[in-house]
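**Q** This is a predicted model, with the sequence first.
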Amino acid sequence: MKKIYLLIVLLLTCLAPAWSADGIRLSHGPYLQNMSSNEVTIVWCSDKPSIGWVELAPDGDDSFYSMERPRFYDTKIGIKTTSTVHCVKLTGLKPGTRYRYRVFAKEVLSHEGHHVIYGNAAATEVYDEKPLSFCTVNPDAKSISFAMVNDIHGDNNMLKKLVSECDLKKTDFFLFNGDMVSSLDSEKQVFDGFMDTAVKLFASTIPMYYTRGNHETRGMFATEFPTYFSPMMPHLYYMFSQGPVCFVILDTGEDKPDSDIEYAGITDYDNYRSEQANWLREVLTSKEYTEAPFKVIVAHMPPAEDWHGQRDVLAKFVPLLNEAKPDIMLCGHLHEFKHWEATSAIHFPILVNSNNSVLQAEASRSAMDLKVLDENGKELDHFTLKK
């Protein structure tokens, strides 16, 4: 009986590719998340349940096929994950170093007990095209360049126009400062709305750091946001450094009271912002923050007395930030450009980027140059912060 069972398994394995006439394909990505000096997270999707892995190679002119490359699997608790969304965190990388990579997805046709039947595999191109690559952060870099967009609400044409204003060869990373879609009801909205376009433009080779906006909190798929963005981070608020700049990413939540009828009693953002304030109090006293030449706060909603969410940001975050003396706060949300200078209530300048403009910044240890361009390349603002 056992021999007959094994024969059936072998027969099914041989026939497996025919079970999927169209085969498996990579449906979205890959794209880079949470880049640091020694690690990066790579995310991609397949159109069928599969296991996934990344093959990594050092930079060079040799063929990717010149030797077997190490594999890093998408796993959870020691088990290769069967999913259509894959995420691999590469660690132990060298600072300021370029690597080549490709991602794989191998279809899982059946998994019963300890018997797994696999189908075809799909991978990013390394034969007819150059392998994808990325460069880890150089903590000793004397300068950096970054760009920020926000509030495009699924307007891919706008995203293309704004990114086209950037010199990608000189852009170290992008900030997506919230409301890239109007709601999150499905994976399709994420990728049709902006992420497929971002991948085509830059996101497979240039990292992107995402600040959640109030519209990404809405919809039945909103709880899946961390599956696709910052998936290996404990929170959606975090801190990272590049060159002379330390960035603090805040998640400002929703703009109306939690009791508002629009949220159907499912939100708890007042407590979430209180929890976040406790975290913020700690990181603002860290060596990474205090010793950085420039300190930048990134938050979707600016602090203000207007709406409830903004008032809560003003009450819970600003007193801590006033003591920590950031150089600037970068926001969105208002769908219009604003540049507010420091006041007696808020001790740091705030730049609010519009939904049809892009912020470009270059920073050294002594100066940070910031300019804002609209979709047609017209300069809306240009100023320099100096040390």
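**A** Ah, there it is.

**Q** which residue ranges form the helices in the chain?
**A** 2-15, 156-164, 187-190, 196-198, 225-228, 269-283, 287-290, 308-316, 318-324 (DSSP state H).

**Q** and the last one, which residues are buried?
**A** Right, the one you point to is helix 318-324. Residues 318, 320-321, 324 are the ones in helix 318-324 that count as buried (16 or more other C-beta atoms under 10 Å). All C-beta spots, glycine's among them, are computed from the backbone N, C-alpha and C.

**Q** Can you say which of the helices of the chain is nearest to Leu109?
**A** helix 2-15 (8.0 Å; C-beta to C-beta).

**Q** any idea of the mean pLDDT for that closest one?
**A** Helix 2-15 shows a mean pLDDT of 38.

**Q** follow-up on the earlier one: out of the helices of the chain, flag the one nearest Ala57.
**A** helix 196-198 (24.2 Å).

**Q** and that closest one, what other elements does it pack with?
**A** helix 156-164 (3 or more C-beta pairs under 8 Å, 6 or more residues apart in numbering; DSSP states H and E).

**Q** chain center to the helix it packs on, what's the gap?
**A** In terms of C-alpha atoms, centre = their mean, to the nearest Å, the centre of helix 156-164 is found 18 Å from the chain centre.

**Q** ok, now how distant is Leu56 from Arg102?
**A** Distance of Leu56 to Arg102, given as C-beta to C-beta, to the nearest Å: 9 Å.

**Q** Run through the residues that contact Phe173.
**A** Shown in contact with Phe173 (C-beta atoms under 8 Å, 6 or more residues apart in numbering): 35, 146, 206-209, 242.

**Q** Average pLDDT for stretch 371-384, rounded please.
**A** The average pLDDT for stretch 371-384 rounds to 97.

**Q** looking at it, His347 is touching Ile328, isn't it?
**A** No - checked against C-beta atoms under 8 Å, the pair His347 and Ile328 is beyond contact range at 11.5 Å.

**Q** out of those two, which sits in the more crowded spot?
**A** The neighbour count for His347 versus Ile328, taken as other C-beta atoms under 10 Å, is higher for Ile328 (20 against 15).

**Q** Spatially nearest residue to the more buried one (excluding sequence neighbours)?
**A** Pro349 (5.2 Å; C-beta to C-beta, 6 or more residues apart in numbering).

**Q** Give me the phi and psi for the one you found.
**A** Taking degrees, to the nearest 10, you get phi -70, psi 150 for the backbone angles of Pro349.

**Q** Any of the contacts of Phe173 buried? List them.
**A** Looking at the contacts of Phe173 with 16+ other C-beta under 10 Å, the buried ones turn out to be 35, 146, 206-209, 242.

**Q** okay if I get the residues you listed as a markdown table plus pLDDT?
**A** As requested, the buried ones among the contacts of Phe173 are exported to a markdown table (pLDDT from 0 to 100):
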| residue | pLDDT |
| --- | --- |
| Met35 | 97 |
| Phe146 | 98 |
| Ile206 | 98 |
| Pro207 | 98 |
| Met208 | 97 |
| Tyr209 | 98 |
| Gln242 | 95 |
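
**Q** Closest one of these to Tyr289?
**A** Nearest to Tyr289 among the buried ones among the contacts of Phe173, with distances taken as C-beta to C-beta, is Gln242, at 13.4 Å.

**Q** so what's the closest residue to that closest one other than its chain neighbours up against?
**A** The shortest distance from Gln242 to any non-neighbouring residue, by C-beta to C-beta, 6+ apart, is to Ile144 (4.9 Å). Each residue near Ile144 by C-beta under 8 Å, 6+ apart is listed here: 172, 242-245, 362-363.

**Q** With Ser133 instead?
**A** Ser133 touches 59, 98-101, 205, counting by C-beta under 8 Å, 6+ apart.

**Q** try 6 Å
**A** With contact taken as C-beta atoms under 6 Å, 6 or more residues apart in numbering, Ser133 is in contact with 98, 100, 205.

**Q** Gln360: neighbour count?
**A** 19.

**Q** ignore the last one, Asn120
**A** 19.

**Q** separation between it and Leu284?
**A** Relative to Leu284, and taking C-beta to C-beta, Asn120 is found at 50 Å.

**Q** what do you get for Glu375?
**A** Taken as C-beta to C-beta, the span from Glu375 to Leu284 is 35 Å.

**Q** again with Ile77
**A** 34 Å.

**Q** and what of Glu107?
**A** Distance from Glu107 to Leu284, by C-beta to C-beta: 47 Å.

**Q** Could you check which of those two has the larger neighbour count?
**A** Shown here are Glu107 and Leu284; by other C-beta under 10 Å, Glu107 has more neighbours (24 against 20).

**Q** Output the below-cut-off pLDDT ranges for the protein.
**A** Applying pLDDT under 70 to the chain flags the ranges 1-22.

**Q** wait, what's in contact with Thr82?
**A** Thr82 neighbours (C-beta under 6 Å, 6+ apart): 49, 108.

**Q** Just give me the longest strand of this structure.
**A** Secondary structure of the chain per DSSP state E: the longest strand is strand 40-58.

**Q** got the buried residues for stretch 147-163?
**A** Buried-residue list, stretch 147-163, by 16+ other C-beta under 10 Å: 147-156, 158-159, 161-163.

**Q** Tell me the spacing between the closest residue to Met220 other than its chain neighbours and Tyr269.
**A** In space, and not counting its chain neighbours, Met220 is closest to Asp185: 5.7 Å by C-beta to C-beta, 6+ apart. For Asp185, the distance to Tyr269 equals 19 Å [C-beta to C-beta].
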